[in-house]
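Asks: the following comprises the amino acid sequence and a computationally predicted model.
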Amino acid sequence: MSEIATLYGGPPTRRVRTRDLINAKVRGDRWPMLTSYDQYTASIFDESGVPVLLVGDSAANNVFGHETTLPITVDELLPLVRAVVRATKTALIVGDLPFGSYEEGPTQALRTAVRFMKEGGCHAVKLEGGRRVAPQIEAITGAGIPVMAHIGFTPQREHTIGGYRVQGRENEGAEVISDARAVADAGAFAVVLEMVPGDVSKQITKELQIPTVGIGAGPDTDAQVLVWQDMAGLRTGKAPRFVKRYADLSGALSEATRQFAAEVRGGEFPAAEHTF
Ligand SMILES: Nc1nc(=O)c2c([nH]1)NC[C@@H]1CN(c3ccc(C(=O)N[C@@H](CCC(=O)O)C(=O)O)cc3)CN21
Ligand SMILES: CC(C)C(=O)C(=O)O
Ligand SMILES: [Mg+2]
């Protein structure tokens, strides 16, 4: 029995819907979310029972090699969204709106969200911000497009925030809590809490009826998300403290690559069975 089956109480015969995630919260069932940017990871995560996949603007870092998430464009992200949608059968696919594609106001935000649904084929969109983007969330959900919010540390604002910093350490997290209420009231179906103290995210999770998705927000959120290359150990170097590596893909791929290179140099590959 896969986790997807337990999420909506049956075998994996259809896509997960936002309603299933609300129902999971009512039952007290936690669920995992991962980023994905390509068909092979998407299909592995889908078949492994991850009910929600995020085609993150973090593709800027983890696919295109940028320092920050700021440079990625809608035109660059949409083909990755399409690939992930095409490769999956049951996961709900969320497309992450890039920096600059929704800040101008509700009209721009809705226009971009419609492109994600039409051209990307995803099932929901995500955008960063709390009270500030409540009008955008209202406009998008008003058109029937589910919105996942994202508050706490919002990487698209790192130049204003001043680096990667835990948010909500002052005033018992009053700012983060009021952002959480604002996005829920605006109609978001879920909210990502990034780098928020555990007690603050616990309180938000208890108060809101929509699921909370934590990243560096402690154990008490309804769901947990990680960037897949962090989770699988493909990314090397210093990872954020909230990352747990469940595999060493970097080591495995380096070893395979060295062996291939050595066998080509040594004339051992291709052998007879690889030759027509
Ligand atoms: N590979 C990857 N993983 C991510 O989690 C991620 C991305 N890319 N790209 C977009 C954003 C950027 N994020 C980040 C990036 C760095 C830290 C970080 O370095 N955190 C440190 C410092 C925390 C502090 O000083 O309070 C840490 O140790 O957690 C955190 C979140 C999360 N997102
Ligand atoms: C880390 C998650 C929540 C994200 O926004 C991304 O990967 O772009
Ligand atoms: Mg993002």
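Replies: Looks like it arrived, so ask away. Ligands and ions are numbered 1, 2, ... in the order given.
Asks: neighbours of the closest residue to ligand 2 within the chain, how many?
Replies: Closest to ligand 2 within the chain is G56: 2.5 Å, counting by Cβ to the nearest ligand atom. Where C-beta positions appear, they are placed from N, C-alpha and C, glycine not excepted. Counted with other Cβ atoms under 10 Å, residues neighbouring G56 total 27.
Asks: what's the answer for the one 4 residues further on, then?
Replies: Other residues within reach of A60, judged by other Cβ under 10 Å, total 24.
Asks: which SSE is immediately downstream of the helix or strand of the chain with the lowest mean pLDDT?
Replies: Using mean pLDDT, DSSP states H and E, the weakest-scoring helix or strand in the chain turns out to be helix 3-8, at a mean of 71. With elements assigned by DSSP states H and E, the helix or strand that comes after helix 3-8 is helix 18-27.
Asks: near ligand 1, which residues of the stretch 1-150 of the chain?
Replies: Contact residues, the stretch 1-150 of the chain versus ligand 1 (Cβ under 6 Å from any ligand atom): 58, 61-62, 69.
Asks: take those residues and lay them out in a markdown table including secondary structure.
Replies: Putting these into a markdown table (DSSP: H, G, I helix; E, B strand; the rest coil) gives the following:
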| residue | secondary structure |
| --- | --- |
| S58 | coil |
| N61 | helix |
| N62 | helix |
| T69 | coil |
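Asks: now do stretch 100-118, average pLDDT.
Replies: For stretch 100-118, mean pLDDT is 98.
Asks: do stretch 168-186 as well
Replies: Averaged across stretch 168-186, pLDDT comes to 94.
Asks: repeat that for stretch 264-276.
Replies: On average, stretch 264-276 scores 97.
Asks: chain center to that stretch, what's the gap?
Replies: Distance of stretch 264-276 from its chain centroid, counting by Cα atoms, centre = their mean, to the nearest Å, is 41 Å.
Asks: may I have that stretch as PDB, with CA atoms only?
Replies: Written as PDB, here are the backbone C-alpha positions of stretch 264-276 (Å, rounded to 0.1, in the frame of the first residue of the first chain):
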ATOM      1  CA  VAL A 264      37.000   3.900 -22.100                       C
ATOM      2  CA  ARG A 265      40.700   4.800 -21.700                       C
ATOM      3  CA  GLY A 266      41.600   1.200 -21.000                       C
ATOM      4  CA  GLY A 267      39.700  -0.200 -24.000                       C
ATOM      5  CA  GLU A 268      37.400  -2.400 -21.700                       C
ATOM      6  CA  PHE A 269      34.300  -0.600 -22.800                       C
ATOM      7  CA  PRO A 270      32.500  -1.400 -25.200                       C
ATOM      8  CA  ALA A 271      32.900  -5.200 -24.900                       C
ATOM      9  CA  ALA A 272      31.500  -7.800 -27.300                       C
ATOM     10  CA  GLU A 273      28.000  -7.600 -25.800                       C
ATOM     11  CA  HIS A 274      27.800  -3.900 -26.500                       C
ATOM     12  CA  THR A 275      28.900  -4.300 -30.100                       C
ATOM     13  CA  PHE A 276      26.700  -4.900 -33.200                       C
END
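Asks: report the buried residues of stretch 183-190.
Replies: Across stretch 183-190, burial judged by 16 or more other Cβ atoms under 10 Å covers 183-184, 186-190.
Asks: please narrow the residues you listed to those residing in strands.
Replies: Judged by DSSP state E, strands contain the following of these: A190.
Asks: got the residues of this protein near ligand 2?
Replies: Residues of the chain lying close to ligand 2 by Cβ under 6 Å from any ligand atom are 35, 54, 56-58, 96, 150, 192, 215, 225, 227.
Asks: which non-adjacent residue is nearest A124?
Replies: Excluding the flanking residues, the one nearest A124 by Cβ to Cβ, 6 or more residues apart in numbering is P146, at 3.9 Å.
Asks: count the residues that sit near the one you found.
Replies: That count, for P146 with other Cβ under 10 Å as the rule, works out to 23.
Asks: and what of the one 10 residues further on?
Replies: Other residues lying near Q156 total 23 when counted by other Cβ under 10 Å.
Asks: show me what E194 is bridged to.
Replies: When assigned by DSSP bridges, E194 has beta-bridge partners G152, I215.
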